[in-house]
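> sequence and computational prediction follow.
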Amino acid sequence: MNKTLKSLDIKAVYDLQINSSGAVALMSLIELKSLNRRYKLTSDVWIRVITDKGTISLFAKEGFIFDGRSGSPLLDWYAPNLGSLYERIMWLVHDLLGYATCLDFKTTNKVLRYGLRDQCVYRASKAFVIEKFVSISGAWFGTPKETDWCYNNISKFNVSFFSE
């Protein structure tokens with residue numbers, strides 16, 4: 001992994017903000033028949049994640065495709081593939097941070113952990129377990145390859161981090 005990526009010791013996600021049409025889009029995703037458990041955004045989505053280390057500003061363009069919570073359907077009993085609006089926001093944030101690589105792999109997974117704990121009201125132990133599961137493999141992290149199902153997403157997002 002690229003060692004020049006920003007590494008932050010994030011310990012809290014204070015707030016999640018989303019535009020109203022983005023919230024509607026996340027709650028009315030179009031499931032793609034050609035790709036199992038892949039969903040298309042029906043409008044542009046702007047998200048701000050306010051952490052103890054700064055603010056992450058994220059944008060996903062209409063047509064962006066994501067998979068909800070990554071992982072097997074066997075894990076749906078533990079954490080839903082889509083879930084509530086705040087869970088969907090965190091799954092999307094995690095994907096966008098992974099593609100953007102403005103934050104390193106570990107920090108990206110910590111944002112997911114503390115977002116689930118602080119904004120989705122997951123128990124700390126449950127959020128920790130999810131962080132550990134997504135940390136097992138870094139294969140999903142970084143710019144998608146031309147052969148990846150998500151390759152067309154590379155022109156459909158923008159992510160910025162602003163420190164305190």
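Structure received. Numbers count the residues shown, from 1 in each chain.

> so how far is W46 from L103?
Per C-beta to C-beta, to the nearest Å, L103 is found 18 Å from W46. Backbone N, C-alpha and C define where each C-beta goes, glycine included.

> and if you look at A124?
With C-beta to C-beta as the criterion, A124 and W46 are 29 Å apart.

> what's the answer for Y39, then?
Distance from Y39 to W46, by C-beta to C-beta: 18 Å.

> and G98, by the same measure?
As judged by C-beta to C-beta, G98 and W46 stand 18 Å apart.

> please apply the same query to I136.
31 Å.

> circling back to that earlier point, compare G98 and W46 (neighbour count), which wins?
Between G98 and W46, counted using other C-beta atoms under 10 Å, the more crowded position is G98 (23 against 14).

> who are the contact partners of Y99?
For Y99, the contacting residues are 142-144, 150, 153-154, 157, 159, by C-beta atoms under 8 Å, 6 or more residues apart in numbering.

> report the spatially closest residue to N81, excluding sequence-adjacent ones.
G68 (4.2 Å; C-beta to C-beta, 6 or more residues apart in numbering).

> then I56?
Excluding the flanking residues, the one nearest I56 by C-beta to C-beta, 6+ apart is V49, at 4.2 Å.

> that neighbour touches L92, doesn't it?
No: contact criterion C-beta atoms under 8 Å: V49 and L92 do not qualify, at 10.7 Å.

> buried residues in the helix or strand hosting K126, which are they?
Element membership for K126 (DSSP states H and E) is helix 124-135. Within helix 124-135, the residues that qualify as buried are 127, 130-131, 133-135, counting by 16 or more other C-beta atoms under 10 Å.

> packing partners for that helix?
Counting by 3 or more C-beta pairs under 8 Å, 6 or more residues apart in numbering; DSSP states H and E, the packing neighbours recorded for helix 124-135 are helix 105-119.
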